[in-house]
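Please find the sequence and the predicted model below.
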Amino acid sequence: MRVPRPLPPPAHFDRAANQRRLVGEEWDVVVVGGGITGCGVALEAVSRGLRTVLVEAGDVASGTSSRSSKLVHGGLRYLSQREFGLVHEA
């Protein structure tokens, strides 16, 4: 069994350099928001070979779209139980 090598330490985050790169390069897809939806969209775009940038005001997955994921988490169960009011609330 092959043991994977540990990942290298993360590079220093340089906001100014990243902002210059954001406006100085050409992107096929710009995703605003790094919640569950934004990360999924960015992953799909990258997997299709598109030059993709994800822009997030805070930490990635910090909860911006967590409210929309409630429908997936509990909404499908509520639908199967015909609890339409709870689905609407979610």
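Done, it's in.

Give me the packing partners of the lengthiest helix in the chain, helices and strands only.
When the chain is parsed with DSSP state H, its longest helix is helix 36-47. Counting contacts by 3 or more Cβ pairs under 8 Å, 6 or more residues apart in numbering; DSSP states H and E, helix 36-47 is packed against strand 29-32, strand 52-55, helix 66-70. C-beta: built from backbone N, CA, C; applies to glycine.

what is the mean pLDDT for it?
Here helix 36-47 scores 89 as its mean pLDDT.

Extract the C-alpha trace of it and format it as PDB.
Output of helix 36-47 as PDB, limited to C-alpha atoms (Å, rounded to 0.1, in the frame of the first residue of the first chain):
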ATOM      1  CA  ILE A  36     -21.400  25.100  -0.700                       C
ATOM      2  CA  THR A  37     -23.000  26.400  -3.900                       C
ATOM      3  CA  GLY A  38     -20.000  28.600  -5.000                       C
ATOM      4  CA  CYS A  39     -17.500  25.900  -4.300                       C
ATOM      5  CA  GLY A  40     -19.600  23.400  -6.300                       C
ATOM      6  CA  VAL A  41     -19.900  25.800  -9.200                       C
ATOM      7  CA  ALA A  42     -16.100  26.500  -9.100                       C
ATOM      8  CA  LEU A  43     -15.300  22.700  -9.000                       C
ATOM      9  CA  GLU A  44     -17.600  22.100 -11.900                       C
ATOM     10  CA  ALA A  45     -16.000  24.900 -14.000                       C
ATOM     11  CA  VAL A  46     -12.500  23.700 -13.200                       C
ATOM     12  CA  SER A  47     -13.300  20.100 -14.000                       C
END
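
Show me which helix or strand of this protein is least confident by mean pLDDT.
helix 66-70 (a mean of 55; mean pLDDT, DSSP states H and E).

Residues contacting the host helix or strand of Asn18, please?
If you go by DSSP states H and E, Asn18 is part of helix 15-24. By Cβ atoms under 8 Å, 6 or more residues apart in numbering, the surrounding residues in contact with helix 15-24 are 53, 55.

Please export the C-alpha coordinates of it as PDB.
The C-alpha coordinates for helix 15-24 follow below in PDB (Å, rounded to 0.1, in the frame of the first residue of the first chain):
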ATOM      1  CA  ARG A  15      -4.200  39.900  -0.600                       C
ATOM      2  CA  ALA A  16      -2.700  42.700  -2.700                       C
ATOM      3  CA  ALA A  17      -1.000  40.300  -5.000                       C
ATOM      4  CA  ASN A  18      -4.200  38.200  -5.400                       C
ATOM      5  CA  GLN A  19      -6.200  41.400  -6.100                       C
ATOM      6  CA  ARG A  20      -3.700  42.400  -8.800                       C
ATOM      7  CA  ARG A  21      -3.900  38.900 -10.300                       C
ATOM      8  CA  LEU A  22      -7.700  39.000 -10.200                       C
ATOM      9  CA  VAL A  23      -8.000  42.100 -12.300                       C
ATOM     10  CA  GLY A  24      -4.800  41.500 -14.400                       C
END
